[in-house]
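Participant: here is the input, now give the coordinates:
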Amino acid sequence: MGGRFVDQVVIEVRGGKGGDGIVSFRREARVPKGGPNGGDGGAGGDVILAVDGRLTTLADFRNGTIFRAGGGRPGGSGNRTGARGKDLVLEVPPGTTVFDSDTGEILGDLTREGQRLVVARGGVPGKGNASFATSVNRAPRKATRGGEGVSRKIRLELSLIADAGLVGVPNAGKSTLLARVTSARPKIANYPFSTLHPSLGVVRMDRGFSFVLADLPGLLEGAGRGTGLGLRFLRHVERTGILVYVLGMGLRMEPAEQYEIVRKEVLSYKDELEKLEEIPVLSRVDLATEAERRRAVKSLPGDVLELSAVTGEGIDEFLARLAAAVGNLRKAIR
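Facilitator: Okay, the predicted model is just below:
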């Protein structure tokens, strides 16, 4: 993914002020009593969020930053309307949920490329004196000021969108597997939480078929209740269509215990996640003896796959099964 990963931020957005109307009268030769011709102001610009599919982080934003759209221009003589204020378009990654920071209200859920959401409307334009002319008052000396734009604090929360996600305890081999099957280069190290944020990679299969695979940070018992960074990690599971449980050999916990703990935490976060398709994978089998492998496989669900991202064993079978699952899921939601 590159760069700094940010998945939650609070910013302030302000619509532009509306332009003022003006008081003006026609002043022409041989027309001693020209009528009112003061124009209206221009509307203030809006602050708009727009989805850019190339983005995978909210790192372009900083907490507390104020984003303000352009103000409308004043009206002119000759009934000229002032120019509208320039809209301010802020680009966000797909999977961004927008909240009113003060009330907690969900303002929008931005998931599709090009989707737009107005988060702060510009102020209404002021009226020039030409707008107040009547049959009774033909020379009004009244004009109104433009209105202030909407101002609010909003919270942006990112839940990455992927076809499938790798979940497991720390050091189970998720990052190594992602690096093996995609061009992603996540940080890989032999200590807990070497992955501190999700990483995305694209798996490219034959005949132009491809899908997005996410490496989600390692889960520990209690993650569903907010232990450590658990809740922030689990938020990224919500928009994942398929969960790949990566169960590592050679760890302190046996693979069956890893599966039980991680699955429990995923489901304790949201019951609906039980509906997601699961693919259990026994990883790092190159570190185990045949007897250890047989014992581990016997303790896991019957459809578990054995693989090693280091030697390549089982990778083709894993990709074939995952690609078939992704293809079936896409057909089901059409």
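Participant: now do the contacts for the spatially most central residue of the chain.
Facilitator: Central residue check for the chain by Cα atoms, centre = their mean: the C-alpha nearest the mean position is that of T96, 2.5 Å away. Going by Cβ atoms under 8 Å, 6 or more residues apart in numbering, T96 touches L49, V51, L58, D109, L110, L156, E157, L158. Bear in mind the C-beta positions are built from the backbone N, C-alpha and C, glycine included.
Participant: ok, of these, which come out buried?
Facilitator: Those of these that meet the buried threshold are L49, V51, L58, L110, L156, E157, L158, by 16 or more other Cβ atoms under 10 Å.
Participant: where does E272 fall, helix, sheet strand or coil?
Facilitator: helix (DSSP: H, G, I helix; E, B strand; the rest coil).
Participant: quick one on the thing from earlier: and the buried ones among the contacts of T96, which two are furthest apart?
Facilitator: Farthest pair in these (Cβ to Cβ) is V51 and E157. Separation: 14.3 Å.
Participant: show me where the stretch 201-334 of the chain has its strands.
Facilitator: In the stretch 201-334 of the chain, strands defined by DSSP state E, counting those that start in this stretch lie at 210-215, 240-248, 277-283, 305-306, listed in chain order.
Participant: partner strands of the longest one and their direction?
Facilitator: Right, strand 240-248. strand 162-167 (parallel), strand 277-283 (parallel) (DSSP bridges).
Participant: output the shortest one as CSV, restricted to C-alpha atoms.
Facilitator: Read it as strand 162-167. Taking C-alpha atoms only, strand 162-167 is exported to CSV below (Å, rounded to 0.1, in the frame of the first residue of the first chain):
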residue,chain,number,x,y,z
ALA,A,162,-11.6,-6.7,-0.6
ASP,A,163,-12.9,-9.9,-2.2
ALA,A,164,-11.2,-12.0,0.4
GLY,A,165,-9.3,-11.4,3.7
LEU,A,166,-6.6,-13.3,5.5
VAL,A,167,-7.2,-13.6,9.2
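Participant: check contacts around the nearest residue to the residue nearest to the centre of the chain once chain neighbours are set aside.
Facilitator: Excluding the flanking residues, the one nearest T96 by Cβ to Cβ, 6 or more residues apart in numbering is L110, at 4.6 Å. If you count contacts by Cβ under 8 Å, 6+ apart, L110 has them with L49, V51, V92, P94, G95, T96, T97, V98, L117.
Participant: thinking again about what came up before, export the strands of the stretch 201-334 of the chain as a markdown table, with columns for distance to V202 and mean pLDDT.
Facilitator: Formatted as a markdown table, these follow (distance: least, Cβ to Cβ, whole Å; pLDDT from 0 to 100):
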| stretch | distance to V202 | mean pLDDT |
| --- | --- | --- |
| strand 210-215 | 5 | 86 |
| strand 240-248 | 15 | 92 |
| strand 277-283 | 18 | 95 |
| strand 305-306 | 21 | 96 |
